[in-house]
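>>> 3D, please:
(chains A and B)
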Amino acid sequence: AQSVTQLGSHVSVSEGALVLLRCNYSSSVPPYLFWYVQYPNQGLQLLLKYTSAATLVKGINGFEAEFKKSETSFHLTKPSAHMSDAAEYFCALGGAAGNKLTFGGGTRVLVKP
Amino acid sequence: DVKVTQSSRYLVKRTGEKVFLECVQDMDHENMFWYRQDPGLGLRLIYFSYDVKMKEKGDIPEGYSVSREKKERFSLILESASTNQTSMYLCASSRRTTGEETQYFGPGTRLLVL
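Now for the predicted structure:
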């Protein structure tokens, strides 16, 4: 069975501070892992994905994530938050048949000036 | 750019009505998906399709059906809408290949069932 847990449904950061969003997964097959972002009133767009090529993955808008197999984690970071980073972020797990994804519950990021 | 469009951004329906949500993609993707999004629950898969006229149940198919008569179009049908189907519905598409394929999402349809 596949599952994804995102720790913290809401995160508040100051502009310029580190953004850290946590994601842990459980998978019976080698995982593919994704981070998606959803801005208000929009669909989801891909930030980055892990497909076993490199454990440190760089994405758009200055985000990166590190795959740690021993910790079954794929945490998302950005060194310096910007007001435009206010959004909801979803971690997702692939690798199942049919290219299906299993999503975490989401983390809403608030950026304070 | 990949484009996934959904027929409506907002819908208001009455309990018992039949509701159609339509999704169209322009990238010749084999796979198409319907999710519902609820606060704190993330996205949950309702149905997906990996080819024309093919469909498979996702995690929460009860109360829903789907139709895929053309490759670019995937419809979600609520046979008899109920208030617990009030939600945001998101459509996505991807190439078939392996599990590493990116899914591309439409803007969503916010459905309110009264």
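>>> what's around A:Leu47, how many residues?
Neighbours of A:Leu47 under the rule other C-beta atoms under 10 Å in any protein chain shown: 23. C-beta coordinates here come from the backbone N, C-alpha and C atoms, glycine included.
>>> check contacts around it.
By C-beta atoms under 8 Å, 6 or more residues apart in numbering or on different chains, A:Leu47 lies in contact with A:Phe34, A:Trp35, A:Tyr36, A:Val37, A:Gly59, A:Ile60, A:Asn61, A:Phe63, A:Leu76, A:Tyr89.
>>> the last one is in contact with A:Val109, isn't it?
Yes - distance between A:Tyr89 and A:Val109: 6.3 Å, which falls inside the contact criterion (C-beta atoms under 8 Å).
>>> how about B:Pro107: what's its closest non-neighbour residue?
A:Gly43 (4.7 Å; C-beta to C-beta, 6 or more residues apart in numbering or on different chains).
>>> pLDDT at the one you found, what is it?
If you check A:Gly43, the pLDDT there is 90.
>>> let me see the mean pLDDT of stretch A:57-72.
The predicted model assigns stretch A:57-72 a mean pLDDT of 95.
>>> up against chain A, what does chain B have?
B:4, B:31, B:33, B:35, B:40-45, B:48, B:50, B:56, B:58, B:90, B:92, B:94-103, B:105-108 (C-beta under 8 Å from any C-beta of the partner chain).
>>> put the buried members of the residues you listed into a PyMOL selection.
Burial among those is assessed by 16 or more other C-beta atoms under 10 Å in any protein chain shown; the matching PyMOL selection reads:
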select buried, chain B and resi 4+31+33+35+42+43+44+45+48+50+58+90+92+94+99+100+101+102+103+105+106+108
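>>> partner strands of the lowest-mean-pLDDT helix or strand in chain A and their direction?
Using mean pLDDT, DSSP states H and E, strand A:102-103 stands out as the lowest-scoring helix or strand of chain A, at a mean of 92. Strand pairing for strand A:102-103, determined by DSSP bridges: strand A:87-94 (antiparallel).
>>> which other residues reach the strand it pairs with?
Contacts of strand A:87-94 (C-beta under 8 Å, 6+ apart): A:2-4, A:6, A:21, A:23, A:25, A:27, A:31-40, A:44, A:47, A:74, A:76, A:100-104, A:106-109, B:42-43, B:99-101.
>>> quick revisit: the residue nearest to B:Pro107 contacts B:Arg110, doesn't it?
No - A:Gly43 is beyond contact range of B:Arg110, at 11.8 Å (criterion: C-beta under 8 Å).
>>> which of the two has more neighbours?
A:Gly43 (19 against 16).
>>> how about the more buried one, phi and psi?
With angles defined as degrees, to the nearest 10, A:Gly43 sits at phi -80, psi -170.
>>> cool, and the one 3 residues further on?
Backbone geometry at A:Leu46, expressed as degrees, to the nearest 10, gives phi -70, psi 130.
>>> which element is the residue sitting nearest the centre point of chain A on?
In chain A, the C-alpha nearest the mean C-alpha coordinate belongs to A:Trp35, at 3.5 Å (C-alpha atoms, centre = their mean). In this assignment (DSSP states H and E), A:Trp35 forms part of strand A:32-38.
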